[in-house]
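Visitor: Task: produce atomic coordinates for the following.
(one chain, ligands or ions: 2)
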Amino acid sequence: MVDCCSTPGLMPFEQALETMLAGITPITEVESITLTESLGRVLSTDITSPINVPPHNNSAMDGYAFAHASLAQHSSLILVGRSMAGQPYEGACGKGECIRIMTGAKIPADCDTVEMQENCQVVDNSVKFEAPRELGDHVRYAGEDINKNQVVFSKGRRLSAIDIGVLASLGIQELTVFRKLNVALIATGDELKALGEPLGSGDIFESNSYALAGMLENLNVNVINFGVIVDDEAAIREAFIQADALADAVISSGGVSVGDADYTKLVLEQIGEIAFWKIAMKPGKPFAFGKLPNSVFFGLPGNPVSAMVTADLLAIPALIKLQNCLAVPPIKLKAKTLTDLRKSPGRMDFQRGVISYNNNGELVVNSTGSQGSGILTSIASANCYIVLPAEQGRVKAGEIVNIRLFERYFA
Ligand SMILES: Nc1nc2c(c(=O)[nH]1)N[C@H]1C(S)=C(S)[C@@H](COP(=O)(O)OP(=O)(O)OC[C@H]3O[C@@H](n4cnc5c(N)ncnc54)[C@H](O)[C@@H]3O)O[C@H]1N2
Ligand code: MOO
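Guide: Numbers count the residues shown, from 1 in each chain. Ligands and ions are numbered 1, 2, ... in the order given. Coordinates of the predicted model:
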């Protein structure tokens, strides 16, 4: 186990993240899928465009196409044909001539400029142009979006809805992606009751696995939910062994602190190995990272806020690397805090806030109020973390603080 620290026994947050990512070996297995199945999947090869997009010069307006040199000599041009989207004009369009053209229709080789119909007067077969045009006006050029043989998306990219549209515009129907990860979720605690069960004295509804499963949905992994495992060493060992046999990654929550019923770390040590335990961060101090024989292991603290924040800031970046996916750096800003912020030196704080612009156009942040590790609504109502360095003490209203915007899967 690594032991180091700003606060004795606690590993600084950045060092924990770095150590954990260094311990993750990305999967290499790939599979072939159709484009319609590809949302959120991770490309296992670069995608090179087989065609120009658009494939031909086409009009950006409904109007008239002509050679720019023609209009320099005449203010009216003779209409000789019509090009519709999907039904191009294949004839000639010589000096003094123009064609009717619709948005998206192919521009004939003889033409290089388009005028919109609102600026034209048509009398019989003659089109009068009200104003001179620049060469190339309203022309969308072949390949102006994507050139043939251009690398459009790189290996490791997670495909968005827009990416799928781009790939469809290239005519791509099948893709090779990295296989989906299998991720096991285990909630530990005698007090935890599944939804639908009656709450006895001292019980609460189990909520971590629901929120975690929702966050993981955005990573497009297969979630294997083990539900609630009671605070019993043998039961937890059995659940970890079963999860390890099925999953690439095991995420537990609860039982990772120092209480009499906290078995997570003990069992991890028995059947696997711990890389580190305890981070100088708040919330999330007792987070544990390690390995089981076949999988990587993330031991999240049970407190709901601590579980979500460590999932977001530690487990998910590790899963993204395991997926062989390129990481997208978080957006970091600075803002003026509108309230005092309570903070003791020792751990890096990830307080929850709402960032916005004030009437002077300055970025300001409001705390979401009580920052207790059990107050899950402190995340639900926030849109960012207020990141306060470990050594920082109390912050006064009006001071500038570091902000990290929430990821789209979060809150
Ligand atoms: N003597 C010490 N006590 C504690 C320390 C410490 O350093 N010394 N650390 C505190 C910190 S910080 C945290 S965070 C918690 C984490 O403890 P555990 O990971 O062992 O979590 P539990 O004790 O099992 O649960 C804590 C809390 O969260 C509720 N919980 C647990 N799982 C769920 C779930 N799946 N859904 C909803 N709520 C859940 C549980 O009922 C408890 O209230 O330890 C501190 N203690
Ligand atoms: O780290 Mo605990 O998460 O402070 O409550």
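Visitor: where's the residue of the chain positioned farthest from its centre relative to ligand 1, distance?
Guide: Relative to the centre of the chain, the most outlying C-alpha is that of residue 124, 56.3 Å out, by C-alpha atoms, centre = their mean. Distance, residue 124 to ligand 1, by C-beta to the nearest ligand atom, to the nearest Å: 78 Å. (Glycine included, C-beta is placed from N, CA and C.)
Visitor: which is the next helix or strand following the longest strand seen in the chain?
Guide: With secondary structure taken from DSSP state E, the chain has its longest strand at strand 348-357. Note on strand 348-357: by DSSP states H and E, the next helix or strand toward the C-terminus is strand 363-367.
Visitor: May I ask you to confirm that residue 200 belongs to a helix?
Guide: No: checked against DSSP: H, G, I helix; E, B strand; the rest coil, residue 200 lies outside a helix; its state is coil.
Visitor: And for it, the neighbour number?
Guide: Using other C-beta atoms under 10 Å, residue 200 has 8 neighbouring residues.
Visitor: so the closest residue to it other than its chain neighbours bridges to which residues?
Guide: The shortest distance from residue 200 to any non-neighbouring residue, by C-beta to C-beta, 6 or more residues apart in numbering, is to residue 193 (7.7 Å). In this entry, residue 193 is beta-bridged to residue 205, by DSSP bridges.
Visitor: What's the separation between the residue of the stretch 101-250 of the chain found nearest ligand 2 and residue 214?
Guide: Residue nearest to ligand 2 within the stretch 101-250 of the chain: residue 208 (12.4 Å; C-beta to the nearest ligand atom). In this structure, residue 208 and residue 214 are 11 Å apart, going by C-beta to C-beta, to the nearest Å.
Visitor: again, but for residue 34
Guide: Distance, residue 34 to residue 214, using C-beta to C-beta: 26 Å.
Visitor: swap in residue 186?
Guide: Distance of residue 186 to residue 214, given as C-beta to C-beta: 17 Å.
Visitor: between those two, who's got more neighbours?
Guide: Legend: neighbour count by other C-beta under 10 Å for residue 186 and residue 214, higher for residue 186 (27 against 12).
Visitor: any idea whether that one is helix, strand or coil?
Guide: Applying three-state DSSP: residue 186 is strand.
Visitor: you'd agree it is up against residue 237?
Guide: No: the criterion here is C-beta atoms under 8 Å, and residue 186 misses it with residue 237 at 11.4 Å.
Visitor: Next up, the contacts around the closest residue to ligand 2 within the stretch 1-150 of the chain.
Guide: Closest approach between the stretch 1-150 of the chain and ligand 2, counting by C-beta to the nearest ligand atom: residue 10, at 10.1 Å. Contact partners of residue 10, counting by C-beta atoms under 8 Å, 6 or more residues apart in numbering, are 278-280, 285, 346-347.
Visitor: The residue of the stretch 101-250 of the chain closest to ligand 2 and residue 301 touch, don't they?
Guide: No: Residue 208 sits out of contact with residue 301 when judged by C-beta under 8 Å, with a separation of 9.6 Å.
Visitor: Identify the contacts common to those two.
Guide: By C-beta under 8 Å, 6+ apart, residue 208 and residue 301 have these common neighbours: 253-254, 307.
Visitor: Next, residue 399: phi, psi?
Guide: Main-chain torsions, residue 399, degrees, to the nearest 10: phi -80, psi 150.
Visitor: How many residues are close by it?
Guide: By other C-beta under 10 Å, the residues close to residue 399 number 12.
Visitor: Check the burial of residue 118 by counting its neighbours.
Guide: Residue 118 has 9 neighbouring residues, counting by other C-beta under 10 Å.
Visitor: can I assume it sits in a helix?
Guide: Yes: the assignment for residue 118 is a helix, going by three-state DSSP.
Visitor: And residue 152, how close does it get to residue 379?
Guide: Residue 152 sits 36 Å away from residue 379, going by C-beta to C-beta.
Visitor: Please apply the same query to residue 266.
Guide: From residue 266 over to residue 379 the distance is 29 Å, taken as C-beta to C-beta.
Visitor: likewise residue 58?
Guide: 48 Å.
Visitor: between those two, who's got more neighbours?
Guide: residue 58 (24 against 21).
Visitor: That one against residue 102, yeah?
Guide: No: assessed by C-beta under 8 Å, residue 58 is found out of contact with residue 102, at 9.4 Å.
Visitor: Return every residue with contacts to both of those two.
Guide: Common contacts of residue 58 and residue 102, defined by C-beta under 8 Å, 6+ apart, comprise residue 85.
Visitor: Test my guess that residue 301 contacts residue 251.
Guide: No: the criterion here is C-beta under 8 Å, and residue 301 misses it with residue 251 at 11.8 Å.
Visitor: Report whether stretch 238-258 contacts ligand 2.
Guide: No: with C-beta under 6 Å from any ligand atom as the criterion, ligand 2 is not reached by stretch 238-258; the gap is at least 8.2 Å.
Visitor: residues of that stretch that come out buried?
Guide: For stretch 238-258, a neighbour-count test (16 or more other C-beta atoms under 10 Å) marks 239-240, 243-244, 247-257 as buried.
Visitor: ok, back up a step: who's more crowded, residue 208 and residue 301?
Guide: Taking residue 208 and residue 301 together and counting by other C-beta under 10 Å, residue 208 has the greater number of neighbours (28 against 25).
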